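1. need coordinates for the following:
(chains A and B)
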Amino acid sequence: MLVQGIKSRPEYKGLDIDPHAKRHLFVLEGDGAQALIDQATTKGSEFLTKSEILYLAAGAAPKAYDVTLSALSPDIFWQAPTLQPLLFRLRACLDLARMGTRLYVSGTEGFIGQIMQVGMDYGIDYHSIHTEHRGSTARRVQCVHCKGITDNVTTSPFACTHCSLPLLVRDHYSRRLGAFQGVNIDAEEPGTASAPEEMFP
Amino acid sequence: MTITFRNETFRDDFTFRNSLHNIRRFPFPFDRDEYMYSVNMEPHVRGRQDSVFENLIDVDEHYVAEMHDRALVLKEDPLRCQALSHMMAAQWDTVELLMEHQSQDYPEHFTLEKNDDRWRWINRPMGIDDTFTFGDPSTLRYPPMEYITRQAQGDFCVVDQRDNNLWMDAGMVTTQADWSLDFDIGMNFMEWHGPVPLAHQIGVFDRALKFLLNLQQGRPTRRLNWTMTVNPRLDTSPENYHKWGPDRTTVTPENVGEKMHLRVELQSLWRLPRSNAILFVIRCYLISFNELVTVAKWGRRLPRVLKSLPPEIVDYKGLTRNRPIMLDWLSKYDDGAPTSAGNFPD
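-> So this is what the prediction gives:
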């Protein structure tokens, strides 16, 4: 479960199939696959004939969700080896997308944030993107000092992968950056940072 | 009245000081002996002579030095000034508002001549004399908001209004109390106030938002906010926290009067005519404890306020480390006598 009550963090309200959409575009990462499988189980499989699924297995590869997803027989199932080609393919899909297309995103928070950034680049109102958090609660964090982004942060403090400063992960999230804010924890007395504690497993 | 502008610094050797005249006009933020968050807004109308409320856009003896410090910050980090693309009309609104107020209230320092949309702007303290076409960004050396806010004291946020909310969609922020425009740009009112403790729970932001959504053109509103800063440093940004954070460990009982500064923000909010956006001016005033206690009423009141603060506010404002030293030093100036109501000196 994600920590509740962070005002600037988006609410991930669930994939919830839109019955009026003409086309469904699912962008899923790792355990996010299960969010769609659950929808297919409870809502019936009719929507799948109008669906395109872009999938990134990431750490969930051993669970072989790709087999389950393609067995759902969507109109298109496509699997990416890493995030970069997935984003490239997503842009191609959105270039060609027509009125009535609904975008769904599920996976870790850092993944959701980056997919939403692309969606917003294409003029999609972020309120209209259906999202569901699945998998680890690791955070994507931007260092407020050097502006470098570190993915999959599970501890606080952690060392910025760009400038090495020990950063406290603030409960403050930017949708535009798709990241939490990291602030130097021992700025007042350098060298006094506490040991990293597993906060976002 | 002609202002004598001081030649001073807000970094390195910190030569910033307030003149005797400027101490008396400092916007002391406490109207009683205790403090808690509230929607402390009032109409932004002209106030008493020789106060910061005399003119609605205040220009004071620190103008030239503050503009120099802003230019230094922007050289280091251009992301302190940003505007989303839909904010161009609001940028021009900002140009008009600031040029009109500065030229009307300080004609000896600023002149605005309008010939239809051909405008001439003279800024004598900064040696600027520019002619440009209002509405055509290519006729200015910077984008319009950046152009004018390089010539106006205070931070500026230009806030768009839509979906019954306010959106931080443009700003010039170089004298901030530990918040990042680059991080917060594009956020709505509740989101950018996310990290503030206590105030959400007591409904302050709900009420403030409702109030601001109904702000009317020609009827600006204002409030005061405050914190403390070690050394007269304007740029206390989170971006540079690792550079100014160590200052907090340099305060001793011997130097606290000189080093510790009360930092007050006079926040004024203005509905803009073309864009329907709101200009949010966050004007920062600094005063050292030594300067502050020369006003007896303030010397009595400040330690009482500092004692009464809830721990969450002490923590959020970054006062935890030095509060005992401040209280020890300030208590000498509290003889226990009652203080008069209101913010102004007796």
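
2. now for the residue of the stretch 1-150 of chain B found nearest chain A, how many residues are close by?
-> Residue of the stretch 1-150 of chain B nearest chain A, by CB to the nearest CB: B:Leu79 (7.8 Å). All C-beta spots, glycine's among them, are computed from the backbone N, C-alpha and C. B:Leu79 sits with 14 neighbouring residues when counted by other CB atoms under 10 Å in any protein chain shown.

3. kindly report the same for A:Thr41.
-> Neighbour count for A:Thr41, taken as other CB under 10 Å: 10.

4. could you pull out the helices for the chain?
-> Defaulting to chain A. Secondary structure of chain A (DSSP state H): helices at A:32-43, A:65-71, A:83-96, A:109-121.

5. was after chain B, sorry
-> Under DSSP H, chain B gives helices at B:20-24, B:63-76, B:88-105, B:144-149, B:181-184, B:189-192, B:204-213, B:241-244, B:256-259, B:289-292, B:296-308, B:311-316, B:323-331.

6. the stretch 101-250 of chain B against chain A: which residues are in contact?
-> B:180, B:182-187, B:190-195, B:200, B:238-242, B:244-246, B:248-249 (CB under 8 Å from any CB of the partner chain).

7. my read is that the residue of the stretch 1-150 of chain B closest to chain A contacts B:Asp184, right?
-> No. Using CB atoms under 8 Å, B:Leu79 makes no contact with B:Asp184, being 11.7 Å away.

8. distance of the closest residue to A:Thr161 other than its chain neighbours from A:Arg139?
-> With sequence-adjacent residues excluded and distances taken as CB to CB, 6 or more residues apart in numbering or on different chains, A:Thr161 is closest to A:Thr150, at 4.6 Å. A:Thr150 sits 9 Å away from A:Arg139, taking CB to CB, to the nearest Å as the criterion.

9. and what of B:Gln82?
-> On the measure of CB to CB, B:Gln82 and A:Arg139 end up 24 Å apart.

10. and what of B:Pro143?
-> B:Pro143 is 34 Å from A:Arg139, where distance means CB to CB.

11. ok so, going back, make a markdown table from the helices of chain B and add mean pLDDT and mean neighbour count to it.
-> Formatted as a markdown table, the helices of chain B follow (pLDDT from 0 to 100; neighbours: other CB atoms under 10 Å in any protein chain shown):
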| stretch | mean pLDDT | mean neighbour count |
| --- | --- | --- |
| helix B:20-24 | 96 | 14 |
| helix B:63-76 | 98 | 18 |
| helix B:88-105 | 98 | 20 |
| helix B:144-149 | 98 | 24 |
| helix B:181-184 | 96 | 23 |
| helix B:189-192 | 93 | 20 |
| helix B:204-213 | 91 | 16 |
| helix B:241-244 | 94 | 19 |
| helix B:256-259 | 98 | 18 |
| helix B:289-292 | 98 | 20 |
| helix B:296-308 | 96 | 19 |
| helix B:311-316 | 87 | 14 |
| helix B:323-331 | 96 | 17 |
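
12. looking at those helices, which is closest to B:Tyr35?
-> helix B:296-308 (5.0 Å; CB to CB).

13. pLDDT value on the residue lying closest to A:Ala21 once chain neighbours are set aside, please?
-> Distances taken as CB to CB, 6+ apart put A:Arg102 closest to A:Ala21, at 3.8 Å, once the chain neighbours are dropped. Listed pLDDT for A:Arg102 reads 98.

14. and A:Arg102, how many neighbours?
-> Counted with other CB under 10 Å, A:Arg102 comes out at 23.

15. over to B:Phe344?
-> Residues near B:Phe344, counting by other CB under 10 Å, number 19.

16. pLDDT score assigned to it?
-> pLDDT at B:Phe344 comes out at 90.

17. same question for A:Pro157.
-> pLDDT at A:Pro157 comes out at 96.

18. how about the strands in the chain?
-> Picked chain A for this. According to DSSP state E, chain A carries its strands in the segments A:23-29, A:51-56, A:76-80, A:101-107, A:130-133, A:139-143, A:149-153, A:155-156, A:158-159, A:166-174, A:179-184, A:197-198.

19. actually chain B
-> Going by DSSP E, chain B shows strands at B:42-43, B:81-83, B:110-115, B:118-123, B:128-133, B:155-162, B:165-172, B:221-230, B:260-271, B:278-288.

20. dump those into TSV; add mean neighbour count as well.
-> Formatted as TSV, the strands of chain B follow (neighbours: other CB atoms under 10 Å in any protein chain shown):
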stretch	mean neighbour count
strand B:42-43	10
strand B:81-83	21
strand B:110-115	15
strand B:118-123	18
strand B:128-133	14
strand B:155-162	22
strand B:165-172	23
strand B:221-230	19
strand B:260-271	22
strand B:278-288	22
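
21. appreciated, that's everything.
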